[in-house]
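S.K.: pasting the sequence and the predicted model now:
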Amino acid sequence: MKFFTWAEGPWAVLVKDLQSEFRTKYALNAVVMFAITTLAVVSYSVRAASPIPGQLSPLLWLILLFSAMSGLSRTFVHEEETRTANALRLAADPNTVFVGKLCFNALLLCLLDLVVVPLFLVLMGAKPGNASLFIAVIACGSMGLVSASTLVAAIVAKASVRGALFSVLSFPLLLPVLISAVQGTEVALRGAPWADGAAHVKVLVAFTGAMVAAGLLLFEHVWYDA
Amino acid sequence: MGDDMVTLELQGVAKAYGRRVLFRNVSLKLHAGRCLVVTGRNGAGKTTLLRIIAGLARPSRGEVCLSDERGPMDRARMRQSLGMVAPDLMLYDELTAAENLAFFARLRGLPADEGRQEKLLERVGLGGRGSDAVGTFSSGMKQRLRYAYALQHSPPILLLDEPTSNLDAAGEEMVTEVVAQQKAQGLLVIATNNAEEVRHGDEVLHLG
């Protein structure tokens, strides 16, 4: 019962962000346009070479990474740019805001995955040999991206050079996610059994858990000046 | 949520940006039922002092203590006890006035029903405008909506920065009523240079 009472706050933040997003298309346009453009360029230039899973996997994650980077920082940046962040600070518990924004970014990336991954497989003529492992790696890798970049987005939102800072801070942090996600996706595309890819999924789940925990502990200090 | 015991205490509060000192050694104690007016030239630090009291900025030195009958407030209790109206405190342009109020009501754990939001909007002179997007509002209407946002949880501590900014004569009357009601249920800090608004003050702090 207590959880449901607590969850009302993050739910309110998530619903507010979805309402704002559907009306302004602030993040959605950037993410989807970047994804489609990159996908088109990659498929046009690489497909003729009949790439192997070891080449397809990093290409897929590069598209997902750069598309996500163009949108995931916006949930906090938009609050600072429109000067609504202080109204939020005065009314909401910091962890309520963090969890709400995390859920919004997770939904945004799910949407991106649903658009990019099937299109990528069709355009590149690839078929995952182990579909369940493939889905698990994509889902867990995406959550890894979301958990790390939501916290970094909150850190950089108040800075004047947000774009550059977001990339500089995010990429080293995201390296473990990317390595595991790329390797796990390659295993899944090759059609190897779950036992071969389970370690990558575990790393991605552990990374996401650690990042969410760090976010819950650190966010209050990031969110307030004082 | 009215509270006769609420107290605001500043102990040696100072704020500087690098070498530029805005103010130093500000100490005062304000009890419920009192109104403090902060005056001073532009750039003297009136807004900054209000932001420090609200917990939105850190003082370079000194301490701010908000307390009630349960003792000093932590951040969670401060959020429940404090309302603020300031020109740079923006609400969501892409949402309607009612959606904005319902959102903040949910965050504050208050009922978010339409009737309640409409009552609040009527109180600040925005009755019947709840379904309009805030982005279509004039500056004065946005200022009125800030009052609805700040008053929705009946906070015992109210901070007003340039309270009649962008408001018409009817809006100024509304502010006078808000000030009178707030004195009855808690304390009030106003940052202004407007002579009419200075008259609301039981105590005046001049910065700079």
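M.R.: Right, received. Where do you want to start? Residues are numbered from 1 along each chain as shown, chains lettered A, B, ... in the order given.

S.K.: got the phi and psi for B:V38?
M.R.: For B:V38, the backbone dihedrals (degrees, to the nearest 10) come out as phi -100, psi 120.

S.K.: partner residues bridging it?
M.R.: Counting by DSSP bridges, B:V38 is bridged to B:A191, B:L205.

S.K.: neighbours around it, how many?
M.R.: The local packing of B:V38 (other Cβ atoms under 10 Å in any protein chain shown) involves 28 other residues. No exception for glycine: its C-beta is placed from N, CA and C like everyone else's.

S.K.: mind listing what it touches?
M.R.: By Cβ atoms under 8 Å, 6 or more residues apart in numbering or on different chains, the contact list for B:V38 reads B:K46, B:L49, B:L50, B:V189, B:I190, B:A191, B:T192, B:V204, B:L205, B:H206, B:L207.

S.K.: where does it land on pLDDT?
M.R.: Here, the pLDDT recorded for B:V38 equals 97.

S.K.: ok, it to chain A distance?
M.R.: 18 Å (Cβ to the nearest Cβ, to the nearest Å).

S.K.: with B:E173 instead?
M.R.: Between B:E173 and chain A the distance is 25 Å, computed by Cβ to the nearest Cβ.

S.K.: quick one on the thing from earlier: in JSON lines, list the contacts of B:V38 along with pLDDT and neighbour count.
M.R.: Shown next, in JSON lines, are these (pLDDT from 0 to 100; neighbours: other Cβ atoms under 10 Å in any protein chain shown):
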{"residue": "B:K46", "pLDDT": "96", "neighbour count": "27"}
{"residue": "B:L49", "pLDDT": "97", "neighbour count": "28"}
{"residue": "B:L50", "pLDDT": "97", "neighbour count": "22"}
{"residue": "B:V189", "pLDDT": "97", "neighbour count": "26"}
{"residue": "B:I190", "pLDDT": "97", "neighbour count": "28"}
{"residue": "B:A191", "pLDDT": "97", "neighbour count": "27"}
{"residue": "B:T192", "pLDDT": "95", "neighbour count": "21"}
{"residue": "B:V204", "pLDDT": "96", "neighbour count": "12"}
{"residue": "B:L205", "pLDDT": "96", "neighbour count": "19"}
{"residue": "B:H206", "pLDDT": "95", "neighbour count": "11"}
{"residue": "B:L207", "pLDDT": "94", "neighbour count": "19"}
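
S.K.: from these, which is closest to chain A?
M.R.: Distance to chain A across the contacts of B:V38 (Cβ to the nearest Cβ) is lowest for B:L50, with 11.2 Å.

S.K.: using CSV, list the CA coordinates for whichever strand or helix holds that closest one.
M.R.: Following DSSP states H and E, one finds B:L50 within helix B:46-54. C-alpha atoms of helix B:46-54 as CSV (Å, rounded to 0.1, in the frame of the first residue of the first chain):
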residue,chain,number,x,y,z
LYS,B,46,16.5,40.3,-2.7
THR,B,47,15.6,37.4,-5.0
THR,B,48,18.7,35.5,-4.0
LEU,B,49,17.7,35.8,-0.3
LEU,B,50,14.3,34.4,-1.1
ARG,B,51,15.8,31.5,-3.1
ILE,B,52,18.1,30.8,-0.1
ILE,B,53,15.1,30.7,2.3
ALA,B,54,13.3,28.4,-0.2
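
S.K.: pull the distance from the top helix by length along chain B to the chain's centre.
M.R.: Assignment by DSSP state H gives helix B:169-185 as the longest helix of chain B. In terms of Cα atoms, centre = their mean, to the nearest Å, the centre of helix B:169-185 is set 12 Å apart from its chain centre.

S.K.: so what touches that helix?
M.R.: Contacts with helix B:169-185, where a contact means Cβ under 8 Å, 6+ apart, come from B:1-3, B:33-35, B:123-125, B:140, B:143-144, B:147, B:151, B:154, B:156, B:158, B:160, B:163-164, B:167, B:188, B:190, B:196-197, B:200.

S.K.: got a quick PyMOL command for the buried subset of these?
M.R.: Here is the PyMOL command that selects only those of these that count as buried (16 or more other Cβ atoms under 10 Å in any protein chain shown):
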select buried, chain B and resi 3+34+35+123+124+125+140+143+144+147+151+154+156+158+160+163+164+167+188+190+197+200
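
S.K.: among the contacts of helix B:169-185, name the ones in helices.
M.R.: B:R123, B:G140, B:Q143, B:R144, B:Y147, B:L151, B:E196, B:E197.

S.K.: so which of the residues you listed comes closest to A:K158?
M.R.: Nearest to A:K158, judged by Cβ to Cβ, of the ones in helices among the contacts of helix B:169-185 is B:Q143 at 25.0 Å.

S.K.: quick check: pLDDT value at the residue nearest to the closest one when sequence neighbours are not counted.
M.R.: Ranked by Cβ to Cβ, 6 or more residues apart in numbering or on different chains and with sequence neighbours excluded, the top spatial neighbour of B:Q143 is B:N166, at 4.8 Å. In this model, B:N166 is scored at 94, pLDDT.

S.K.: and for A:S50?
M.R.: pLDDT, read off for A:S50, is 76.

S.K.: for A:R190, same thing?
M.R.: pLDDT, read off for A:R190, is 92.

S.K.: before we move on, what about B:M1?
M.R.: Looking at B:M1, its pLDDT is 47.

S.K.: what does B:D4 give?
M.R.: 60.

S.K.: again, but for B:G127
M.R.: Confidence score, pLDDT, at B:G127: 94.

S.K.: now do the helices in chain A.
M.R.: Under DSSP H, chain A gives helices at A:2-24, A:28-46, A:53-72, A:74-81, A:85-91, A:94-124, A:131-156, A:162-190, A:194-223.

S.K.: before I go, just wanted to say thanks for your time.
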